[in-house]
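[1] return atomic coordinates for the entry below.
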Amino acid sequence: MNNLKYSYKTDIGRVRPHNEDAVQIFENEQVLVMVVADGMGGHAFGDVASKMATQFVEEQFDTETAFANKEEAGRWFGDVLEKVNTDILDYAQALDAGKMGTTMVIAVISKTFIAFANIGDSRAYVLAYDKLRQVTKDHTFVRELVEKGQISERAARLHPKKNVINRALGASEVLEFDFLTLTQYDVDAILLCTDGLTGLVEDQEILAVLKTDINIDVKVNQLIEKANARGGRDNVSIALAEFKKGVR
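    From the prediction side, this is the model:
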């Protein structure tokens, strides 16, 4: 799509011995597809799970990939997530790998709509009118507590169980994921990321970087550097797409 520029990167961070994240962006003349996954289960299992997610999206994408409407995109998301979920479950059983899984957040940007699907706590954000809005919901134990009014947003950031995930690919044969679309949109950028970024960098800080008039690759690097400067406790993965000014 000639109205978009994009960049993506994954970084091991400062603490973890292995990178269990995976990130990819695929593009043709009709759509741009972004995918970020954060694997769980330790080296040789978590990284396999996340790569299964991104590689299957790659297998399903080619120069002819297009979506006539948001409903078709929703069916495609469902097929992808079901397949990845089944493959991870089968792999874990065959290798007696125990707990193994991955989060996954996907965005499809077409000429008439933007669609998102997610499972776990990797996030999608939309930048529009100089405001950054998280459009996906974290599937975590702590998020449920916030929604029930049992703890505040501030308490959630400091909660000892803030990284406990309620949903993930490979966690259950019953797959639950969120799907949402934006139509008639006026968006400046789409950001997908793992919690290695959002666990250490506040949304307002992310917004400040995204609004800066610098190269998109530099923006991605700056966000990763901010997370690493604060300890880099986790792998960090980012996929960023920006609409070119004056081109829609």
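[2] tell me which residues in the lowest-mean-pLDDT helix or strand in the chain are buried?
    Within the chain, no helix or strand scores below helix 153-158, which has a mean of 72 by mean pLDDT, DSSP states H and E. Judged by neighbour count using 16 or more other C-beta atoms under 10 Å, the buried positions of helix 153-158 are residue 156. Backbone N, C-alpha and C define where each C-beta goes, glycine included.
[3] contacts for it, please.
    142-143, 145-146, 162 (C-beta atoms under 8 Å, 6 or more residues apart in numbering).
[4] quick check: what element follows that helix along the chain?
    The helix or strand immediately downstream of helix 153-158 is strand 178-183, counting by DSSP states H and E.
[5] sheet partners, orientation included, of that next one?
    Counting by DSSP bridges, the strands paired with strand 178-183 are strand 113-119 (antiparallel).
[6] could you export the partner strand as CSV, CA atoms only?
    Extracted C-alpha coordinates of strand 113-119, given in CSV (Å, rounded to 0.1, in the frame of the first residue of the first chain):
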residue,chain,number,x,y,z
PHE,A,113,-11.2,-0.4,7.2
ILE,A,114,-8.7,-1.4,9.9
ALA,A,115,-9.2,-4.7,11.8
PHE,A,116,-7.6,-6.0,14.9
ALA,A,117,-7.6,-9.4,16.6
ASN,A,118,-5.8,-10.3,19.9
ILE,A,119,-5.3,-12.9,22.5
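[7] go through the very next helix or strand once past that strand and flag the buried ones.
    For strand 113-119, the following helix or strand on the C-terminal side (DSSP H and E) is strand 123-128. The neighbour-count check on strand 123-128 (16+ other C-beta under 10 Å) flags 123-127 as buried.
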